[in-house]
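Student: Quick one: sequence and predicted model below, then my questions.
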Amino acid sequence: MMVGMPSLTRAEATARAAIVSVTGYTIDLDLTGTDDTFRSRTVLTFEAEPGSFTFAELEPVELLSASLNGKPLDAGALSAERLTLPALAATNELVVEAVMRYSHSGEGLHRFVDPADGRVYTYAQMFLDGVRRVFPCFDQPDLKAPFTLTVTTPADWIVAANGELAGPVQDGVWRFGTTKPLSTYLASLIAGPYHACTDEHDGIPLAIYARQALKAELDEQAEEIFTITKQCLDRYHEIFDVRYPFGHYGQAFVPEFNFGAMENPGIVVLRDEYIFRSAVTDSEREQRAMVIAHEMAHQWFGDLVTMAWWDDLWLNESFAEYLGSRITAEATQFRDAWTTFAMQRKAWGIRADQRPSTHPVAPEEVADTAMALLNFDGISYAKGASVLRQLVTFVGDKAFLAGLNDHFAAHAYGNATLADLLAAVARASGRDLTGWADAWLRSAQVNTLRAEVERAADGTYEQVAIVQTAPEGYPTLRPHKLFAGLYDHGADGTVTLRKRVEVEIDPGADGERTVLAELAGEPAAGLLLINDGDLAYAKIRLDDASAEAVPMILPLLSDPLARAVLWSSMLDAVTDAERPVAELVTLVLAALPVEREVVVVEDVLATTRGLVNRYPTEEARPAALELLAQACDRLLAASEPGSSLRLAAMRGLVGATADTVRLKGWLAGDGVPEGVAIDDDLAWLILYRLVVLGAAGAQEIEARYQQDRSAFGEQWAARCRAAVPDAEAKARAWDYLINDPAASNRLLEATAQGFWHAEQLELITPYAERYFTDVPAMLARRGGMSGERVAVMAYPSVVVSEQTRQHAAALLAAPGTSSIMHRVVTDGDDDMRRALLARFAPSVPA
């Protein structure tokens, strides 16, 4: 939240909803004014309890006029972004004219000037409480209303919005039809000289938008995007009784977007990094497909039926996360989407769930919108999605979908709660979900499932059990349904699945220990993989014999999801400092060069690289990086020219190697592996690594930027400038990060990403202390999602020391620390605690 802007409390929202019912918004925006501001005229009609009073949110540069039921409001009616509305009648009309400010933070009405051609683009991002920056509103999710929008723009602009265009455009005036009832945070538009591609499917008009600088790329990729969109629509129409409910389906790929995407009905907004301008891997294309499926799920979960308050955020995000993976796997070419979910999304949820800031999927209390913002994390998304997979195994897919359809029918265009949804699924399944919901939705943290094996003298299993434990302070043991796989390592060097058994863990009946009775007498397997198929949300720990066999068996497993479960278990154990990072690096060297699932390669390399930056001592780190480089080199040699694996290996090698001669050669086009193109993004990546290593600087950065004066090139240049290992460059980058009020969200993020490097500890260590004084001030000025993202990215995570932790403790104890800053530092400090705990691990072997 910005300083001076009060956060809407739940109590205030409840009180307002008790006296107000909104009948409509009629909004007229004029975007033909200055570079900094636009004009907004709004007619807000609503019913109210006669004689009561309330307020509307509004954050103008200048309030030109405001009247309620034909009477001007007092000059003092607007205070702290709240417009007081006194003496309400049964039927009311609020008319407001104001000058509003464009944002550069990705919130409100964001304005972007493309450095490639000077063209201006705007888009609205109203979530979570940015509506007040565009027009006056009752900004809470349970006061839904129809919206009617008119936008005046320069002649060469186009506009797309929630509603469908109501008639021909005349003199730059775009008039849109009235929408179905929407929550305020879902109101949106894009306006600018966007390039558009159009199509139609099953009676639904489709459109895709992007900047003119991405016209060629959009034209080339539109067919795949439309195909994914159509496949997802068809599958949703197969499983849901309600067809897509909002008429047209537009998808706008916009610059400097804070999220992956936003589900605005009729005009879904996505970050324009998803229009690929350089070579990408198949997993990146899959990720785009999953985002498309995720946002489409929101048209039912969030848009058609909306949470009443932010404590039921999971009704939006967990369902969209679950369905995004499920529908991608079921309907598109990307059949291994659950492997991606296991490696990336679920791992994100488990990391978030172990931190001090953990919370239940459905928290008991979200007191205000500031607290709501903090819960947009891996728990509300990925843990919630994992929990839904367990719900499906608990009630069955048929009953699950029947319950959802009952829920949609009962609450269409309205609001609903957790209790409403659980009641619908309970009716459809005939099962009492109270205990299940208490265990999975109303309690925090993650359990560990550990295999315990007793072998008989003849080599058979005497007993196999799964022991469930809970972390200190969070004693809940949960029911799980999962599979255990028995894999044999043959004399011919192959690994085969001998048997897979279904396991139901019921702590109410079995306590901590669940015995797998059917495995007694079974010949012991080379690998006993609990949670084979990855249905359970838990930390997985193997029995000792299976753990010892992983380096031999992992490279030979044919099932990518089984490999993902093993990799995730190892990465998680190292993150928790249960196993040394040296062991992980050795496993990477043994198994990654033969890995064939590109998302596994990318995620293992990214996670291991992050751990190597923080966990080993400064003396051991170079050897660990060299082994990672060797693993990438071997994968590069084994992969097919032009393949996704080769590109992933090349990127990993660039990020790990210290061979500046080789890097410079690639940048000059010498010795480049066959099938790898040194395109713009790969060239920047190579230069970035050279800058970090001190082998390139300002001159090379400027030369590269002159070759790529695009928005993405501008961000790369900012990242590289912040990475220059020079005291003056670091001081300049830090000043920009902390003190430039006009800086865009994306350039600040790039600067934060480029600042901290383990290779530059002597230079950057003094800034660790400054983080805890300077960043809170920056966050107070900037606020919102943009400020939080910068604060997270700027955390001094590579300056691993007790002194850094002491600075963190001092800030956490200081009065007046904002809730956002407290959350960022609490999580960053917990990560550093783990890194310090891991420092006892032995050095990486030669």
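Tutor: Noted; the coordinates are in hand. Values in this document were obtained by computation on a predicted structure and should not be read as measured data.

Student: make it CA atoms for all contacts and neighbour counts henceforth
Tutor: Fine.

Student: Could you pull out the strands in the stretch 251-400 of the chain for me?
Tutor: Ranges of strands within the stretch 251-400 of the chain are 261-262, 267-271, 305-307, based on DSSP state E, counting those that start in this stretch.

Student: So which residues make contact with the longest one?
Tutor: Pointing back at strand 267-271 there. With contacts defined as Cα atoms under 8 Å, 6 or more residues apart in numbering, strand 267-271 is touched by 160-162, 188-189, 249-263, 295.

Student: Just the residues you listed: which are in helices?
Tutor: Glu295 (DSSP state H).

Student: Where does the prediction get shaky in the stretch 1-150 of the chain?
Tutor: 1-5 (pLDDT under 70).

Student: check contacts around Asp142.
Tutor: Counting by Cα under 8 Å, 6+ apart, Asp142 touches Ala17, Ser183, Thr306, Met307, Ala308, Trp309, Gly414, Asn415.

Student: go on, Ala352?
Tutor: By Cα under 8 Å, 6+ apart, the contact set of Ala352 is Thr358, Asp377, Gly378, Ile379.

Student: Just give me the neighbour total for the second one.
Tutor: This means Asp377. For Asp377, the neighbour count with other Cα atoms under 10 Å is 16.

Student: Can you give me the distance of it to Ser52?
Tutor: Applying Cα to Cα, to the nearest Å, the value for Asp377 to Ser52 is 38 Å.

Student: One more: the first one?
Tutor: If you measure Thr358 against Ser52 using Cα to Cα, the figure is 40 Å.

Student: Check the last one too.
Tutor: Computed with Cα to Cα, the distance linking Ile379 and Ser52 is 39 Å.

Student: more crowded one of these two?
Tutor: Ile379 (30 against 15).

Student: Spit out the contact partners of that one.
Tutor: Contact analysis of Ile379 by Cα under 8 Å, 6+ apart lists Gly349, Ile350, Ala352, Asp353, Thr358, His359, Pro360, Val361.

Student: Compare the strands of the stretch 251-400 of the chain and give me the one nearest Ser644.
Tutor: Evaluated over the strands of the stretch 251-400 of the chain, closeness to Ser644 peaks at strand 267-271, with 22.2 Å, by Cα to Cα.

Student: Just the buried positions in that closest one, please.
Tutor: Using 16 or more other Cα atoms under 10 Å as the test for burial, strand 267-271 gives Ile267, Val268, Val269, Leu270, Arg271.

Student: I'd like these laid out as JSON lines, including pLDDT.
Tutor: Converted to JSON lines, these look like this (pLDDT from 0 to 100):
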{"residue": "Ile267", "pLDDT": "99"}
{"residue": "Val268", "pLDDT": "99"}
{"residue": "Val269", "pLDDT": "99"}
{"residue": "Leu270", "pLDDT": "99"}
{"residue": "Arg271", "pLDDT": "99"}
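
Student: quick revisit: only whichever of the contacts of Asp142 are buried, select them in ChimeraX.
Tutor: Remark: buried members of these, expressed as a ChimeraX selection using 16+ other Cα under 10 Å:
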select :17,183,306,307,308,309,414,415
